[in-house]
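Student: from the sequence below, what's the structure:
(one chain, ligands or ions: 1)
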Amino acid sequence: MQSTMQDVPLLISQILDYGTSVHANAEVVTWTAQGPRRSSYAQVGRDCARLANALRSLGIDADQRVGTFMWNNEEHLELYLTVPSMGAVLHALNIRLFPEQLVYIARHAQDQVVVVDDSLAAVLARLLPQLPDVRHVVVNGPVPDDVRTALGASGAAVHDYRELLDAQSEQFDWPQLDERTAAAMCYTSGTTGNPKGVVYSHRSNVLHAMQLCLPNALGVAQGDRLLAVVPMFHANAWGLPYGALLAGASLVLPDRFLQAEPLATMIEVERCTAGAAVPTIWTDLLRHLDEHPQIDTSSLGRVIVGGSACPPALMRAFQERHQITVLHAWGMTEMSPLGTVAVPPSGVTGEEAWRYRETQGRLVPSVQARLVGPDGSAMPWDGESVGELQVKGPWITGSYYLDDDGSSFEDGWLRTGDVGTLTPGGYLRLTDRAKDVIKSGGEWISSVDLENILMGHPKVKEASVVGVPDERWGERPLATIVLLAGEELTVTELTEYLAERVAKWQVPERWAFIDEVPKTSVGKFDKKAIRASYANGLLDVRSA
Ligand code: AMP
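Tutor: The predicted structure is shown next:
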C-alpha cells in the first residue's frame, strides 16, 4: 500500500525561505575590529536572492562547486544558504591547512568560484596559480590594490562581494531539486594520507538540522543567541547555520576574533545564551573568565563541546565557578557531524548525572551503531565491552568522493575509527581513536583517560598522552604536559597524582613539559606531531 502523503523533497531552500520569513527578526551579528555588525534573517534572505543572481551571472548554473575561504561571518552564512539552494555545491575550504593540502582539496573538488574574506585574500592569492579551475574570485571586504592584482594574476576575474550583490535583483526562484543531489562538501581533517571528501545531500542536511534542534540533542530554539565559534569549514559547521535558521535562533559570528578576550566580550555584549566550539577554545575562555570575574556571562546557559574529548575537569569548572552547563557531543565530518549528545536521562541527578554528562553522549535518533571487537564480532552494549564503533544513518556518508578504497566501510556501516563502549541506554564512552590506543604488553591503555585525569590537576593546563615504542612492552605512554602560567610541578608529583587514580602499570615513565600542545587545523591535539617530536629527539623527556 502506498501512503497518501505528498512527496515533497527536503531542500535547503526551504530552510532559507522559512528562516528568513518566519524568523525575519532574528539577528546575525558579525564581530569586527570596531565591534558588532548587525543584520537580520530578513536581510540575509534578500542578500541570498541577490547572491544567487550574482553567482548565476558568473556562470554557476548547475552543480559547480563554489568554494569559500572565510571566517564565520554573515556573508559565509549567506553562502551556506544560497549555494545549495540554487543547485550548486558549497565547499568550505579549511583556511588553516597547509598550502599543498588546500591545493589538493580545491583541485579535487574542482572549485570554480572562490569567495574569500579580505583578511585571507593574500593567502588565497598565493594558491591561485595552482588552481586553474578557479575562474572567479569574490572578495568580501576591501583589499589593497596589490592584493587585488595578485588575486587576478593567474587569470581569475576578481569581484567585490557587496558590489556584485548590489547590482542584482532581490528575486530568485529557487529550483525544485532532487533531495538526494549534492548540497555541500567537506574534507576530513585527518592527519594521515590525503584528506577525503564527503558530499552532503539536501535531504541529509535538512534531516540533520531538524534533529540538531531537538531538546535531547543541542536544543537550539528561538530566543537562543548562539555564539558559533566552530569554524564553518569544520565538519559542515556542525549543522548550526541550518539549525539556527530552522529554529529562529540568532547567530553571533566571531569572524577572526577567536581569542578568549573578544569571545568573552561577545558573550557579555551580545547576551549569548549558547556557544559551540572544540575544548581548547573553552579551556582558554575558562581561564579568562576566572581571571576577570567582573565579566557578566549570566546569559550563557550552555556551551556545546565536541571535536575531541572534553576533559571532565573543564565541565565541572564551568558549572561550579560560572554556572554554565557544558554539553558534550561527539560526531565526525562523515556524520554531518552529529552522532551523540550527553544529555542525562530524565530523573537522574547529582553525581549520577555527571557520569552521563562526561560520556560522549547518547545516540541521537536515526543514528544506528554497533561495536565491533578485535576479532570482528559484535560486542554487547554493557558499558564495559570495548570495540570499534560503526555507524549507519540518513546523514552518514556511504563513501568518499571519487577516491574511495572501501576500507572505511563494512556491509554499509561506516567504520568510525573510534574505540569505546556503549551502555544499554545508548550512551557512548570513547576510550580512544583506534590509532591512538596504547598497546602495552598486550593490554590497552586509554590515552584519553590519562589525559582527562591529568587535566584535572589544578596546576595543569593541557596534557596529551601518546604511545611510543618501548623495547620491553612494545609501547608505553609518553605524557606531554603544559602547566598553567606561573605554576611548577615535578614528574614525581605528577606520577604520584596519577598513581592514586589509575592502575600502576598505566602510569607513564616518560614525561615532557612543553609550552603548548601542537594542534591540528581544527584545534585538536595533534598526536602525530607529538610522536614525531619524540622520534626526532626534540622533547626533553624526563622520568620520576
Ligand atoms: P572531525 O571529522 O575532524 O571532526 O573528526 C572526527 C573525530 O573527532 C571523531 O572520529 C573522534 O575521534 C573525534 N571526536 C569528535 N568529537 C569527540 C568527542 N566528543 N570526544 C572524543 N573524540 C571526539
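Student: and residue 162, what helix or strand is that in?
Tutor: Assigned by DSSP states H and E, residue 162 falls within helix 161-166.
Student: what sits closest to residue 72 if chain neighbours are left out?
Tutor: Closest residue in space to residue 72, ignoring its immediate chain neighbours: residue 253 at 4.2 Å, by C-beta to C-beta, 6 or more residues apart in numbering. Where you see a C-beta, it was placed from the backbone N, CA and C, and this is true even at glycine.
Student: what about that neighbour, neighbour count?
Tutor: Here the count is done by other C-beta atoms under 10 Å, and residue 253 has 25 residues near it.
Student: picking up where we left off before, which elements pack onto the helix holding residue 162?
Tutor: helix 41-57, strand 136-140 (3 or more C-beta pairs under 8 Å, 6 or more residues apart in numbering; DSSP states H and E).
Student: return the most buried member of these.
Tutor: Of all the helices and strands packed on helix 161-166, strand 136-140 has the most neighbours on average by mean count of other C-beta atoms under 10 Å, namely a mean of 24.
Student: tell me the strands beside that one, with direction?
Tutor: Next to strand 136-140 in the sheet, as set by DSSP bridges, lie strand 111-117 (parallel), strand 157-160 (parallel).
Student: out of these, which comes closest to the ligand?
Tutor: The ligand lies closest to strand 111-117 among these, at 20.2 Å (C-beta to the nearest ligand atom).
Student: how far does the closest one sit from its chain's centre?
Tutor: 21 Å (C-alpha atoms, centre = their mean, to the nearest Å).
Student: once you drop chain neighbours, what's closest to residue 475?
Tutor: Counting by C-beta to C-beta, 6+ apart, residue 475 lies nearest to residue 467, which is 4.2 Å off, once chain neighbours are set aside.
Student: wait, I meant residue 533
Tutor: Leaving aside its chain neighbours, residue 533 sits nearest to residue 539 (5.3 Å; criterion: C-beta to C-beta, 6+ apart).
Student: hang on, residue 250 packs against residue 29?
Tutor: Yes: the pair residue 250 / residue 29 is scored as a contact, 7.1 Å apart, by C-beta atoms under 8 Å.
Student: strands along the stretch 251-400 of the chain, start to end?
Tutor: 274-277, 302-305, 325-331, 338-341, 361-363, 368-372, 387-392 (DSSP state E, counting those that start in this stretch).
Student: what mean pLDDT does whichever helix or strand comes after the helix holding residue 162 get?
Tutor: Next helix or strand after helix 161-166 toward the C-terminus (DSSP H and E): strand 182-187. Mean pLDDT, strand 182-187: 98.
Student: any idea which element the residue nearest to residue 533 lies in?
Tutor: Per DSSP H and E: residue 539 is located in neither a helix nor a strand.
Student: residues contacting the closest residue to residue 447 other than its chain neighbours?
Tutor: Distance criterion C-beta to C-beta, 6+ apart; nearest residue to residue 447, sequence neighbours excluded, is residue 465 at 4.2 Å. By C-beta atoms under 8 Å, 6 or more residues apart in numbering, the contact set of residue 465 is 438, 447, 450, 451, 454, 477, 478, 479, 480, 508.
Student: looking at the strands of the stretch 251-400 of the chain, spot the one closest to residue 13.
Tutor: Distance to residue 13, taken as C-beta to C-beta, is lowest for strand 338-341 among the strands of the stretch 251-400 of the chain, at 21.9 Å.
Student: show me the contact partners of the closest one.
Tutor: So strand 338-341 is contacted by 208, 211-212, 216-218, 238-239, 327-332, 359-364, 367, 369, 391, 395, 427-428 (C-beta under 8 Å, 6+ apart).
Student: how does it look with 6 Å?
Tutor: 212, 217, 329, 330, 331, 360, 361, 362, 363, 364, 367, 428 (C-beta atoms under 6 Å, 6 or more residues apart in numbering).
Student: quick check: the farthest pair among those?
Tutor: That would be 212 and 428, which, of the contacts of strand 338-341, are the farthest apart (C-beta to C-beta) at 17.3 Å.
Student: neighbour count winner among these two?
Tutor: Using other C-beta under 10 Å as the criterion, residue 212 and residue 428 rank with residue 212 on top: 26 against 22.
Student: low-confidence stretches in this structure?
Tutor: 189-192 (pLDDT under 70).
Student: give the closest residue to the spatially most central residue of it in space, chain neighbours not counted.
Tutor: The centre of the chain sits closest to residue 234, judged by C-alpha atoms, centre = their mean, with a distance of 4.4 Å. Ranked by C-beta to C-beta, 6+ apart and with sequence neighbours excluded, the top spatial neighbour of residue 234 is residue 522, at 4.6 Å.
Student: quick one: which helix or strand includes that neighbour?
Tutor: Going by DSSP H and E, residue 522 is not in any helix or strand.
Student: around the ligand, which positions in the stretch 351-500 of the chain sit nearby?
Tutor: Counting by C-beta under 6 Å from any ligand atom, the residues of the stretch 351-500 of the chain close to the ligand are 360, 416, 417, 418, 430, 433.
Student: now for those residues, which pair is the farthest apart?
Tutor: 360 and 417 (13.9 Å).
Student: so what's the gap between stretch 48-58 and the chain middle?
Tutor: When C-alpha coordinates are averaged (C-alpha atoms, centre = their mean), stretch 48-58 and its chain have centres 28 Å apart.
Student: ok, stretch 150-162 next?
Tutor: Remark: stretch 150-162 is offset 30 Å from the chain centroid, using C-alpha atoms, centre = their mean.
Student: also stretch 203-220?
Tutor: Relative to its chain's centre, stretch 203-220 lies at 16 Å (C-alpha atoms, centre = their mean).
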